[in-house]
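Enquirer: What shape does this take:
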Amino acid sequence: KAAELFQKAAEQGRAEAQFNLGVCYANGRGVEQNYAKAEEWFQKAAEQGHAEVQFKLGLCYEQGGGVTQNAAKAVEWYQKAAEQGHANAQILLGRAYFVGSGVSKNYLKAAEWFQKAAEQGHANAQYFLGGCYANGWGVKQNDAKAAEWYQKAANQGHEKAKEALKMSGN
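Expert: I've put the predicted structure just below:
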């Protein structure tokens, strides 16, 4: 029944319904499993500029969920969502640059994307940015700034940030 409702809304051009219909096809829920149709609906949804859908499509390409795994395409969709201020996309785009997945390794760009998400209050990004400052990855090494970002993450209950603070003596 849900797949039927998603189909109707998707055909009317609703991005979230198009994405959800793609999930139905990817998982064979309410419809016969069909990865090509899943990818087709994912694309339609993401091309409408819906940041959350673009982020989810990036995840699909990163993990191979309903589409052929492709790190470069994951980065492409993360970039689109990140540019719209999607914090989770910013973190995963930063991680892609940090490890060189789908793009050339670039600590400067990684730190820039971590910074954008950290400023939105995202604990993981704050922790990653703290690590950048602690180690001089993409930014000038600065123990005080590292402690500041670790503390912000720790204040939200981020366990690894708490450990980093203890290890740094803060």
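Enquirer: list the contacts for the residue nearest to Gln120 when sequence neighbours are not counted?
Expert: Leaving aside its sequence neighbours, Gln120 sits nearest to Ala87 (Cβ to Cβ, 6 or more residues apart in numbering; 4.6 Å). For glycine as for every other residue, the C-beta is placed from the backbone atoms N, C-alpha and C. Contact analysis of Ala87 by Cβ atoms under 8 Å, 6 or more residues apart in numbering lists Lys116, Ala117, Gln120, His122, Ala125.
Enquirer: One more: His122?
Expert: Residues counted as contacts of His122 (Cβ under 8 Å, 6+ apart) are Ala87, Asn88, Gln90, Ile91.
Enquirer: try it again with 7 Å
Expert: Ala87, Ile91 (Cβ atoms under 7 Å, 6 or more residues apart in numbering).
Enquirer: same deal with Lys116?
Expert: Gln90.
Enquirer: Equivalent analysis for Ala164, please.
Expert: Gly130, Tyr150.
Enquirer: and it, which of the three is it?
Expert: Applying DSSP: H, G, I helix; E, B strand; the rest coil to Ala164 yields a three-state assignment of helix.
Enquirer: Same check on Val103?
Expert: With three-state DSSP as the criterion, Val103 reads coil.
Enquirer: Quick one: neighbours of it, just the number.
Expert: Around Val103 there are 20 other residues, counting by other Cβ atoms under 10 Å.
Enquirer: Check what pLDDT the residue nearest the centre of the chain gets.
Expert: Taking Cα atoms, centre = their mean, the centroid of the chain lies closest to Ala89, which sits 2.9 Å from it. We have a pLDDT of 98 for Ala89.
Enquirer: All set, thanks.
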